[in-house]
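1. can't give you the sequence, but here's the structure:
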């Protein structure tokens, strides 16, 4: 079974631009979560989508948004990029997401550099 | 709130040494606990997990026991290899939403 895939793997943008990142979950998984990883803040939860609905949201500004499609693929968008948005963005998928013992499986990440 | 505290690194060991990485947590409910590993340039891989008190998770020679009385989930391995060099993250997950709360990560370096 193929793992979680993320595209693109690397991205360079300039301040003020916007960016869209894509995530394809493991087949059969309906929950997709996004995390931001930076050296200063570590791994922080952005949001989670299940059945095309945002079910949970972290403490990030409204410039960060996402969506999920009927095939469970998800995209996240960052508008008006700032230097501090430079990070590794990780996507994780799980079957249903609700049971606390359920495992999230992570993709390789998209590394975003904002200049 | 919910949080995870890991021992600071980097931890530098010689090959075949014993490894312990400490992890303690604070949670408002009854969490599941996880250890993830991140190799250079890659995403996170699940190493092991435990879902209730006194459960022991194990994988690839690594073990961790869910200790509710001490709110801890320390990672151990009897004999580390150079290939174990990576960053190790302890994390918790509660029932309220599919959200992992991570510790800061511990860098492990194993020398031959």
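-> Thanks, I have the structure now. What you see is a predicted model; the values in this text were computed from it and never measured.
2. drop to CA atoms for contacts and neighbour counts, all remaining ones
-> Will do.
3. any idea how far the closest residue to residue A:53 other than its chain neighbours is from residue B:99?
-> Nearest residue to residue A:53, sequence neighbours excluded (C-alpha to C-alpha, 6 or more residues apart in numbering or on different chains): residue A:68, at 7.1 Å. Note on residue A:68: its distance to residue B:99, by C-alpha to C-alpha, to the nearest Å, is 17 Å.
4. higher neighbour count, these two?
-> Taking other C-alpha atoms under 10 Å in any protein chain shown, residue A:68 and residue B:99 do not tie; residue B:99 has more neighbours (26 against 23).
5. where does chain A get nearest to chain B, residue-wise?
-> Taking C-alpha to the nearest C-alpha, chain B has its nearest neighbour within chain A at residue A:108, 4.0 Å off.
6. burial check on residue A:2, number of neighbours?
-> By the measure other C-alpha under 10 Å, the count of residues near residue A:2 is 8.
7. how about the strands in chain A?
-> A:5-7, A:10-13, A:19-24, A:31-38, A:42-50, A:53-57, A:64-68, A:74-78, A:87-94, A:105-106, A:110-114 (DSSP state E).
8. which of these comes out lowest on mean pLDDT?
-> Comparing mean pLDDT across the strands of chain A, the weakest is strand A:53-57, with a mean of 90.
9. near chain A, which residues of chain B?
-> Proximity of chain B to chain A, by C-alpha under 8 Å from any C-alpha of the partner chain, involves residues B:31-32, B:42-46, B:50-51, B:93-105.
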